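Enquirer: Okay, here's the prediction I keep looking at, along with the sequence it came from:
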Amino acid sequence: MSLLRALQISKHFRQRSGPWQSSDRPILDQVCLSIGYGETIALVGKSGCGKSTLARILMGLESPSSGYAMFEEQRVDPRDKALMRRLFLSVQMVFQDPITAVSPRYTVGEIISEPLRFLKRFTRVQIRERVSELLAAVHLSDRDYDKYPQQMSGGQLQRVCIARALAPGPRLIILDEAVSNLDLHLQIQILDLFSELQHSQDVSYLFISHDLRLVERFCTKVLIMDEGRIIEAASVQSPLFLKSRQGRALTDAILPAFPVSLAS
């Protein structure tokens, strides 16, 4: 059984072309994908191809124009409160920019405990214990509990966001360009952390990216997206070989290979 699926999902946005004229701009076109338990799937494409829109639809945060998402073989419907609660318990997201993903008015402990307050029925003591466990899991210190986001580095703050995503015990985490704002050394550290968490927390990933170097290091399957359509699916191997014109263009456009000291 698939954990999360997209079935013939299309999305159009209405845009004005004049004072009295408007037209539909296609963002997604008949997209199908399936994410199973324990998988790490990459969704790769240039900016504006529809990757993040698809992620929001899979999470029930946005409605498709046609088609639908399936969570554990049930159709995702934002009106079904019980289903959406189970979805948010099982599927979480980590976004590209950790600074805009958190409130500067909340401490690290408050940020990480947010899903526990809204999705779990934990006592205050249980929340404190769980946050301490999560800080350790992402290699932060319990001393960071009372810090504010502005007291953390970019890499540390992204670890806070990862801990928040892990808090309710999800089966799948959608990583929406989650390492693209970090420098190369931090990217490798976070990818290694994701791999470690996959084994310790039994979590799957949908890794949204534009960098095939990271995909080759981290993922087992890659889906190439172009102009709202998935145009190629391939197993990840080294070196990565893609057949489609768009896939080859992405391969040619990536940065040089990792330095030897980072590649291992």
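Expert: Alright, I've got the coordinates. Residues are numbered from 1 along each chain as shown.

Enquirer: ok, Asp252 to Arg217 distance?
Expert: Distance of Asp252 to Arg217, given as CB to CB, to the nearest Å: 19 Å. All C-beta atoms are positioned from the backbone trio N, CA, C, and that covers glycine.

Enquirer: Just want to know which of these two has more residues nearby.
Expert: With neighbours defined as other CB atoms under 10 Å, Asp252 and Arg217 compare such that Arg217 has more, 18 against 8.

Enquirer: And the closest residue to that one other than its chain neighbours, which helix or strand is it part of?
Expert: Distances taken as CB to CB, 6 or more residues apart in numbering put Leu191 closest to Arg217, at 6.1 Å, once the chain neighbours are dropped. When elements are assigned from DSSP states H and E, Leu191 belongs to helix 184-201.

Enquirer: can you dump the C-alpha coordinates of that helix into CSV?
Expert: The C-alpha coordinates for helix 184-201 follow below in CSV (Å, rounded to 0.1, in the frame of the first residue of the first chain):
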residue,chain,number,x,y,z
LEU,A,184,28.0,22.8,0.6
HIS,A,185,29.4,21.5,3.9
LEU,A,186,26.1,22.1,5.7
GLN,A,187,24.2,20.4,2.9
ILE,A,188,26.2,17.3,3.3
GLN,A,189,25.8,17.3,7.1
ILE,A,190,22.0,17.7,6.8
LEU,A,191,21.7,15.0,4.1
ASP,A,192,23.7,12.7,6.4
LEU,A,193,21.3,13.6,9.2
PHE,A,194,18.3,12.8,7.0
SER,A,195,19.8,9.3,6.3
GLU,A,196,20.5,8.7,10.0
LEU,A,197,16.9,9.7,10.9
GLN,A,198,15.5,7.5,8.2
HIS,A,199,16.9,4.5,10.0
SER,A,200,16.3,5.6,13.5
GLN,A,201,12.8,7.1,13.0
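
Enquirer: list the buried ones in whatever helix or strand comes next after that helix?
Expert: Reading on from helix 184-201 to the C-terminus, the next helix or strand found by DSSP H and E is strand 204-209. Buried residues in strand 204-209, counted by 16 or more other CB atoms under 10 Å: Ser204, Tyr205, Leu206, Phe207, Ile208, Ser209.

Enquirer: can you pull the contacts of the last one?
Expert: Residues near Ser209 by CB atoms under 8 Å, 6 or more residues apart in numbering: Ala42, Leu43, Val44, Leu175, Glu177, Val179, Ser180, Val215.

Enquirer: In the chain, mark out all the strands, start to finish.
Expert: For the chain, strands defined by DSSP state E occupy the ranges 4-18, 21-35, 40-44, 66-71, 74-75, 91-94, 172-176, 204-209, 221-226, 229-235.

Enquirer: Ranking helices and strands of this structure by mean pLDDT, which lands last?
Expert: helix 260-263 (a mean of 56; mean pLDDT, DSSP states H and E).

Enquirer: circling back to that earlier point, can you tell me what sits against the helix holding Leu191?
Expert: Residues contacting helix 184-201 (CB under 8 Å, 6+ apart): 38, 40, 137-139, 154-155, 158-159, 162, 166, 169, 175, 178-179, 182, 203-205, 214, 217-218, 258, 262.

Enquirer: what angle do that helix and strand 204-209 make?
Expert: Helix 184-201 and strand 204-209 meet at an angle of 160 degrees, taking axes from the mean of the first three to the mean of the last three CA atoms, to 10 degrees as the criterion.

Enquirer: Poorly predicted segments of this protein, please.
Expert: 16-23, 254-264 (pLDDT under 70).

Enquirer: how does it look with 80?
Expert: 1, 14-24, 252-264 (pLDDT under 80).

Enquirer: quick one: stretch 118-130 to chain centroid distance?
Expert: The chain centroid and the centroid of stretch 118-130 are separated by 24 Å, computed with CA atoms, centre = their mean, to the nearest Å.

Enquirer: try stretch 59-73
Expert: Computed by CA atoms, centre = their mean, the chain-centroid distance of stretch 59-73 equals 16 Å.

Enquirer: Alpha carbons of it, in PDB - could you do that?
Expert: The C-alpha trace of stretch 59-73 is given here as PDB (Å, rounded to 0.1, in the frame of the first residue of the first chain):
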ATOM      1  CA  MET A  59      -0.400  17.900   2.000                       C
ATOM      2  CA  GLY A  60      -4.000  19.100   1.500                       C
ATOM      3  CA  LEU A  61      -2.900  22.700   1.800                       C
ATOM      4  CA  GLU A  62      -4.100  23.500  -1.800                       C
ATOM      5  CA  SER A  63      -6.800  22.100  -3.900                       C
ATOM      6  CA  PRO A  64      -6.200  20.600  -7.400                       C
ATOM      7  CA  SER A  65      -8.200  21.700 -10.500                       C
ATOM      8  CA  SER A  66      -8.700  18.100 -11.300                       C
ATOM      9  CA  GLY A  67      -7.400  14.700 -10.000                       C
ATOM     10  CA  TYR A  68      -6.700  14.100  -6.300                       C
ATOM     11  CA  ALA A  69      -4.200  13.000  -3.700                       C
ATOM     12  CA  MET A  70      -4.600   9.700  -1.800                       C
ATOM     13  CA  PHE A  71      -3.300   9.200   1.700                       C
ATOM     14  CA  GLU A  72      -3.200   5.600   2.800                       C
ATOM     15  CA  GLU A  73      -5.700   4.800   0.000                       C
END
